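# I would like the atomic coordinates for the input below:
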Amino acid sequence: MSDQALLSVRGLDHRYGEQIGCTNVSFELYPGEVLGIVGESGAGKSTLLRCLATQLEPTSGTVEYRGRDGVMRDIFALSEAERRLLLRTDWGLVHQNPRDGLRMGVSAGGNVGERLMAVGERHYGQIRAQAGHWLQAVEIDLERMADMPETFSGGMQQRVQIARNLVTRPRLMFMDEPTGGLDVSVQARLLDLLRRLVSELHLSAIVVTHDLGVVRLLAHRLMVMQGGRVVEHGLTDQVLDDPQHPYTQLLVSSILRV
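Residues are numbered from 1 along each chain as shown. As a prediction, the model looks like this:
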């Protein structure tokens, strides 16, 4: 991994009136690194992810991203159009419910190709070829390119959503419960796929989940959140095998599922 951070977060805080969403969150993410964020419902992990992905504006604090030109920029100092471009190019966002990340009235191939069109690709043959390539990369048969997402299972819809994100070769992926709502066997296959893609593409990723098995498989480092605060942060195996904070100990001992 590079010694230069890809993402630098300092004192991030988001409040809903008097209620804390997340507070005083600081960390750095490096190229090719996967950071897992765990905690029970209401811990603040989804609020944090939405702030990082510019879906919410923080109350205070900074989020800086190192662009392809090597320059670190405060993403909330960028214009709305510049942030939208980041989400179409350098970043990907995988929603827990794939229906939130797909256009259900557009074919699987069309969903993937649309993201290329959004960044200016107009050559139909190139769009179709790239859509086919990335559908195959997530193990979807080319014969299903013209099928609508509603004809796919939940796990297959999630694969289409991942392909849609990867087609512009992003450098950073935000994943919100990527295996949520899937049965155990489907989860296992999807996790194997994600782990392989992250490694092969040298992707950085931030994965929010309540499932410690997911972070054990995917994440290099782990942040544990409770009540909007980070209560423990370290290498994933170290945190899970030797938890220091009482809340992390509870999570590990009970395999808390919420």
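
# Leu56 should be in a strand, yeah?
No. Leu56: not assigned to a strand; according to DSSP: H, G, I helix; E, B strand; the rest coil it is coil.

# in the protein, which helix has the most residues?
When the chain is parsed with DSSP state H, its longest helix is helix 184-201.

# which stretches in the chain count as strands?
7-16, 19-29, 34-38, 60-66, 72-74, 91-94, 172-176, 204-209, 221-226, 229-235 (DSSP state E).

# by contact count, what packs against the fifth one?
Pointing back at strand 72-74 there. On a contact count with 3 or more Cβ pairs under 8 Å, 6 or more residues apart in numbering; DSSP states H and E, strand 72-74 meets strand 60-66. To be clear about C-beta, it is placed using only N, CA and C from the backbone, and glycine gets the same treatment.

# what is the mean pLDDT for the strand it packs on?
The pLDDT scores in strand 60-66 average 97.

# report the buried residues of that strand.
Gly61, Val63, Glu64, Tyr65, Arg66 (16 or more other Cβ atoms under 10 Å).

# correct me if wrong: the last one contacts Gln4.
Going back to what we said before, that points to Arg66. Yes. Contact criterion Cβ atoms under 8 Å: Arg66 and Gln4 qualify, at 6.5 Å.

# stretch 202-221 - what's its average pLDDT?
94.

# re earlier: can the strands of the chain go into JSON lines with extra columns for distance to Ser46?
Shown next, in JSON lines, are the strands of the chain (distance: least, Cβ to Cβ, whole Å):
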{"stretch": "strand 7-16", "distance to Ser46": "11"}
{"stretch": "strand 19-29", "distance to Ser46": "9"}
{"stretch": "strand 34-38", "distance to Ser46": "9"}
{"stretch": "strand 60-66", "distance to Ser46": "16"}
{"stretch": "strand 72-74", "distance to Ser46": "22"}
{"stretch": "strand 91-94", "distance to Ser46": "12"}
{"stretch": "strand 172-176", "distance to Ser46": "6"}
{"stretch": "strand 204-209", "distance to Ser46": "6"}
{"stretch": "strand 221-226", "distance to Ser46": "10"}
{"stretch": "strand 229-235", "distance to Ser46": "14"}
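
# Arg73 pairs with what?
Beta-bridge pairing of Arg73 under DSSP bridges involves Tyr65.

# burial count for it?
Around Arg73 there are 15 other residues, counting by other Cβ atoms under 10 Å.

# who are the contact partners of it?
Listed by Cβ atoms under 8 Å, 6 or more residues apart in numbering, the contact partners of Arg73 are Glu64, Tyr65, Arg66, Gly67.

# any chance of those in JSON lines, plus distance to Val239?
Formatted as JSON lines, the contacts of Arg73 follow (distance: Cβ to Cβ, whole Å):
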{"residue": "Glu64", "distance to Val239": "25"}
{"residue": "Tyr65", "distance to Val239": "25"}
{"residue": "Arg66", "distance to Val239": "26"}
{"residue": "Gly67", "distance to Val239": "31"}
